[in-house]
Each structure stands twice: as C-alpha cells, then as structure tokens.
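Undergrad: Okay, here's the prediction I keep looking at, along with the sequence it came from:
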Amino acid sequence: MTHESPSAPVEQPEVAPSLETAGDLMTTAIVSVAVGTSVRDVARLLLEKRISAVPVLGADQQLLGMVSEGDLLGRSDADRVARRDWWLALLGDGQPLAEPLEALGARPVEQVMRAPVMTIEAQAPLREIAEMFRVYDVKRLPVIRAGRIAGIVSRADLVRAMAAMVPQPATKASLGGLAGMFAGMMKTESRPPALARSSTAPVVVAPAMTADAFLTLVTASKQAGQDEAVAAKDQAKQELERQVKAMLQEHIDTPAWNALLERARSAARLGENSFELIRFPCDLCSDGGRKIDVGETDWPTTLRGEAAEFYTRWERDLRPAKFGLSAQLVDYIDGIPSDVALSLTWRA
C-alpha cells in the first residue's frame, strides 16, 4: 500500500496595497501642538519624537499653521544671535542662556509658525502631490479630509510609493485611473422604451368659474413662488459648497500664474495701481472672512486651498520685489459678506 503525502499549501503572492492617493500614502499618527504652545516646548517635542515639523491646531482642531526646525530659528537678526542649534541648548544642562535666546524660547508657536499652510485633499492623486512638492519646494503636506487634517504626506512617502509600483498587465477587472474612467464612459446607456402614443385624444375639463376657485389659484401661485425661492436658495447654497470644495482641491500651476502676472503688467500700462488676482467665497477662509472684514493683520492665516497658494506665491516671488497684496470683501448677499478678492498692488 502506498501512502501519498498531503500536498503543501500553495502560497499566494502578497498583494501590495493600492497607493494611488494622498490618503493612501499619508501618516495618520499625527503629532501636533496647540496654538499657544511655547517655542521651547515645540523644540522639546521635535527632539523627543525625532521629527522635523508639526502642525499647529486651534481649539477646534482646525489646522492653523506648520512649524519646523527651520522656523524655530526665527527670521530676524536678533533671532539668529546663536548660529548653533539653539533649541538643544534650551534643553541642555541648565546653563544660563543669552537674553535673546531666552525670549525666543518663550514665544508662542503662532509667532514663528508658517501660515497659511499648503494642504492637499485626501483623494488627490500621486502626480498632484509630486507637483505640489515641486512647485512650492516643501517637504511635507498636511492631508485634509472633510475640512480637518487627517494625516501628513512627505516626500519620503511619495518616494516609497513610487518604488512600490510594479507594472502589472492591464486586465478588464483591474482597470483604474484614466482607463477606468474611459471604460465607464463607454458603457452602453440603457434607455426606457418610448411610450406608445395614445390614439385617443385627452378629455379637457373646464375649471369651475367661481371666486373660490380663483382664490385657490392665487394661493397656489403664491405657494409656488415661495417654493421657487426656497429652491433657489438651496441651489445657491449647494453651488457655494461645490465652489468652496473645488477651490480647496484646485491648484494654480506656473503657466496660469505667469499669465496672471502678464495681465497685471497690462493693467499697469493702463495706469492702474492694482490687479485682482483671485476672487473666492468667504467660506474658503477658515473664519468665514471675519479677520479680513475687520482688518486684522494675521488674516493670511485664515486662507485655505487655492487662496493660500496665491498668497504663498506672492510671498515667495513678489513680496521681495516690493509688490503688495491686499484682501478685501467685494460682495455681500442680504448684508452678509459673500466674496473676498486678493489684489496685487504696486502703489508708491
């Protein structure tokens, strides 16, 4: 009698996780600090966690800024009195510190953080992440989902995703990205059969000719007008939400930015002293445009999405050339602020 040994189980190849969006790549274990945290405590946290930057969150967990090791050095000459890594000295052996360093260590983090913050939506594809890193020369991007920070994606995360990509033969079951989109567009649309036309003409019944019937028509007309007004308001609200959502996800590329600057140059030729770069709903601001309305100096920290990118490009490319940037409310609906405009200025 012969005995057959049981066959060994066939090992299934490990399937690599799909890495297609910022949400797939991001680190979700977020280390953050609250507004009001001292620079000294931020430095200690960076050292303890062995990280180089943290997001700064408000009381409602809303993203207000980012602070990195470089930001802790400060931006003024007084802040750079010590050329060494001064934050290590703050946590050293208790030796007395120079007064400028002591004062810098006690500052609240909002005085040195970077704001507004470049962010990216969780559903943004890899190519969009790479473009943001390239254009804005940043090392990390907070990932936003439903208006709140959900994680952080870094250059290292993107590199790992690129390295993990192994070309696979395209199959009908695995179509994705643009191929999947086109496949969906090519699906045959099912149409209901045309209704058969009745050979019998409809019977028309004349409405009753009474005052009460007329009053009923008046009431119906007024109700219809009210319903239309409510529907129009709801539609306007939905359109506003759609516009804000789109501007949170959209990014301005370099050709579009350069085209705007050429239009600004043309405005100067015509004798203008300013040029409107972008107009956007107040709801794109984290505070609904309140700080812009009352003229608070830290209004840039409230900008989000595409508006924040416009501010960052101005601060990096145009501010050193002595261009100004103004923000003002430009439209109201029923007395409530509706739109904000960012304008490039070159007044003497």
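TA: On my side now, so go ahead.

Undergrad: how close does the closest residue to L57 other than its chain neighbours sit to D287?
TA: In space, and not counting its chain neighbours, L57 is closest to S32: 5.1 Å by CB to CB, 6 or more residues apart in numbering. Where you see a C-beta, it was placed from the backbone N, CA and C, and this is true even at glycine. Going from S32 to D287 by CB to CB, to the nearest Å gives 20 Å.

Undergrad: if we can go back for a sec, could you give the number of residues near the residue nearest to L57?
TA: Number of residues near S32 (other CB atoms under 10 Å) recorded here: 16.

Undergrad: just checking, it touches P55?
TA: Yes: if you go by CB atoms under 8 Å, S32 and P55 touch, sitting 4.8 Å apart.

Undergrad: Look up the residues that both of those two are in contact with.
TA: By CB atoms under 8 Å, 6 or more residues apart in numbering, S32 and P55 have these common neighbours: I149.

Undergrad: Do a quick rundown of the helices in the protein.
TA: Per DSSP state H, the chain carries helices over the ranges 22-25, 39-49, 69-72, 86-90, 99-106, 126-136, 155-164, 177-185, 211-249, 254-269, 290-294, 305-313.

Undergrad: who wins for proximity to V112 among those helices?
TA: With distances scored as CB to CB, the stretch of the helices of the chain nearest to V112 is helix 69-72 (4.9 Å).

Undergrad: buried residues in the closest one?
TA: D71, L72 (16 or more other CB atoms under 10 Å).

Undergrad: Which residues does that helix contact?
TA: V39, V42, A43, L46, S52, A53, W87, V112, M113, R114.

Undergrad: can you list these in TSV and add distance to R319?
TA: Below are these laid out as TSV (distance: CB to CB, whole Å):
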residue	distance to R319
V39	24
V42	26
A43	28
L46	28
S52	25
A53	23
W87	27
V112	18
M113	18
R114	14
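
Undergrad: and of these, the nearest to L63?
TA: Closest to L63, out of all of the contacts of helix 69-72 and judged by CB to CB, is M113, at 10.6 Å.

Undergrad: residue contacts, the closest one?
TA: Counting by CB under 8 Å, 6+ apart, M113 makes contact with V56, L64, G65, M66, V67, D71.

Undergrad: In this structure the second one contacts L57, no?
TA: Yes: in this structure, L64 sits in contact with L57. The criterion is CB under 8 Å, and the distance is 6.5 Å.

Undergrad: okay, and the common contacts of those two?
TA: V35.

Undergrad: lowest-pLDDT helix or strand in this structure?
TA: In the chain, the helix or strand scored least confidently by mean pLDDT, DSSP states H and E is helix 177-185, which has a mean of 36.

Undergrad: Quick check: R145 touching I120?
TA: No: using CB under 8 Å, R145 makes no contact with I120, being 10.5 Å away.

Undergrad: between these two, which one's more packed in?
TA: Using other CB under 10 Å as the criterion, R145 and I120 rank with I120 on top: 24 against 14.

Undergrad: if I look at that one, how far off is K291?
TA: On the measure of CB to CB, I120 and K291 end up 24 Å apart.

Undergrad: residues in contact with the residue lying closest to D283 once chain neighbours are set aside?
TA: Among residues not flanking D283 along the chain, V244 sits closest, at 4.9 Å (CB to CB, 6+ apart). Listed by CB under 8 Å, 6+ apart, the contact partners of V244 are P281, D283, L284, G305.

Undergrad: And for E241?
TA: With CB under 8 Å, 6+ apart, E241 has these contacts: D283.

Undergrad: Least confident of the helices of the chain, on average?
TA: Note on the helices of the chain: helix 177-185 shows the lowest mean pLDDT, a mean of 36.

Undergrad: and R148, how many neighbours does it have?
TA: When counting by other CB under 10 Å, one arrives at 12 neighbours for R148.

Undergrad: hmm, back to that, reformat the helices of the chain as CSV; add distance to S338.
TA: As requested, the helices of the chain are exported to CSV (distance: least, CB to CB, whole Å):
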stretch, distance to S338
helix 22-25, 31
helix 39-49, 38
helix 69-72, 34
helix 86-90, 44
helix 99-106, 41
helix 126-136, 29
helix 155-164, 38
helix 177-185, 34
helix 211-249, 9
helix 254-269, 22
helix 290-294, 11
helix 305-313, 15
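
Undergrad: Could you point out which of those sits nearest T345?
TA: helix 254-269 (9.7 Å).

Undergrad: Need the residues that contact the closest one.
TA: Residues external to helix 254-269 that are found in contact with it (CB under 8 Å, 6+ apart): V135, S274, F275, L277, R313, L344, W346.
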